[in-house]
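> Give the three-dimensional model of this entry:
(2 chains)
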Amino acid sequence: MKPLVRVFEVLAVLGSAVFVIALFANEPADPASDPSGEIGPTTESADGQDLYGRRCAGCHGADGQGSVGPRLGGGAAIENFPDPADQATVIRNGRGGMPSFSSLSDEEIDALVVYTRDLPG
Amino acid sequence: MSASTARASSSTQSKVLGIATAGAAVALFLGVYGRVHDPTGETVVQSVFSGQLQFKVWSATLAVALALFQLYSSLWMWGKVGDDTRPAWLGDAHRISGVAAFLFSLPVAYHCLWSLGFAETNTRAVLHSVVGCVFYGAFAAKVLVLRSRGLPGQTLPIVGGLTFAALVLAWLTSSAWFLTNDLGVPIF
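Alright, predicted model coming up:
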């Protein structure tokens, strides 16, 4: 079994190297550098859906039906946050088990707020 | 104490201190990275699972299961459990299970650090962040202990125990919490 042990050890070294390199090299594309330069309600709405799918759906469910995170769809977001600014604050700062998403711009957070308030859930 | 004994003792202390410093440096590096890096919030990999968190939960659970085998096999090798037999495969199986546990933990830790960062939203999240960093520091120290000669006999069990405890605590404050909240598994 010695060769198998060696294989696992090599994998561990390679895995560690990839882990450290990816921590620094794998930065998401900056939306501000989008060459199309399109800004407007239509783009914001599309961004909201895209952002939700990448950053929120894992906890809140693909349609906002809830999972480890609370349900947002079916009007639950509006019910819990009558003032959209309160929802934006929770997205920005985190609360309870939810991490902070302070790296998002105000526009991105607004797009998420708009999108989640329309989720079917 | 003769001069040669004093030199050997000093060398051992230096080795232990060096290993502890290296382990602490790894843990500190990860903690600082998680603190200063802007969390991306992005999904990394979810494989065949329904979501990122599900992937993390089951990968971490597999890592803990392998770590439990590590603990049992180490106790077996040291004659603390089982009979006096030591199957030929035991040592290799112990090593493979440890490396495999580490490999399964890597994508989980990567998402934690790169996507979520060092969480400070509540006590559970802070504790998880701290013990997650401690786990990798302890793992690095354990690898160094295994490759060093002339260390006190209790060094390996202490560092191995710390590694195991940190992994289990990291699992309890994340995967077990998720399973309790999402699936209603009555862990807490």
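> Alongside chain A, which residues does chain B contribute?
B:33, B:37-43, B:46, B:51-53, B:89, B:92-93, B:95-96, B:99-100, B:102-103, B:106, B:109-110, B:113-114, B:116-117, B:119, B:121-122, B:124-125, B:177-178, B:181-182 (CB under 8 Å from any CB of the partner chain). Every C-beta, even on glycine, is put in place using the N, C-alpha and C of the backbone.
> hmm, stretch A:89-109 touching chain B?
Yes. Judged by CB under 8 Å from any CB, stretch A:89-109 comes into contact with chain B through A:94-104.
> Straight-line length of that stretch, end to end?
9 Å (CA to CA, to the nearest Å).
> Check which residues of it are buried.
A:90-91, A:94, A:97-101, A:104, A:108-109 (16 or more other CB atoms under 10 Å in any protein chain shown).
> So which of the residues you listed belong to helices?
A:90-91, A:108-109 (DSSP state H).
> farthest-separated two in the residues you listed?
Greatest spacing in those, by CB to CB: A:90 and A:108 (14.5 Å).
> helix or strand for residue B:31, which one?
helix B:3-36 (DSSP states H and E).
> So for stretch B:181-188, mean pLDDT?
Across stretch B:181-188, pLDDT averages out at 61.
> Pull the contacting residues for the residue nearest to the spatial centre of chain B.
Centroid-nearest residue in chain B: residue B:135, 3.6 Å away (criterion: CA atoms, centre = their mean). Listed by CB atoms under 8 Å, 6 or more residues apart in numbering or on different chains, the contact set of residue B:135 reads B:105, B:163, B:166-167, B:170.
> Show me where chain A has its strands.
Taking DSSP state E, chain A contains no strands at all.
> Alongside chain B, which residues does it contribute?
Counting by CB under 8 Å from any CB, chain A sits next to chain B at A:1-2, A:4-5, A:8-9, A:11-12, A:15-16, A:19, A:22-23, A:26-28, A:54-55, A:57-59, A:67-68, A:94-104.
> Now residue A:61. Nearest residue, chain neighbours left out?
Spatial nearest neighbour of residue A:61, excluding adjacent residues (CB to CB, 6 or more residues apart in numbering or on different chains): residue A:67 at 4.9 Å.
> Please apply the same query to residue B:72.
Nearest to residue B:72 is residue B:81, by CB to CB, 6+ apart, at 6.7 Å.
> Does that neighbour touch residue B:71 like I think?
No. Residue B:81 is not in contact with residue B:71 according to CB atoms under 8 Å; the separation is 9.8 Å.
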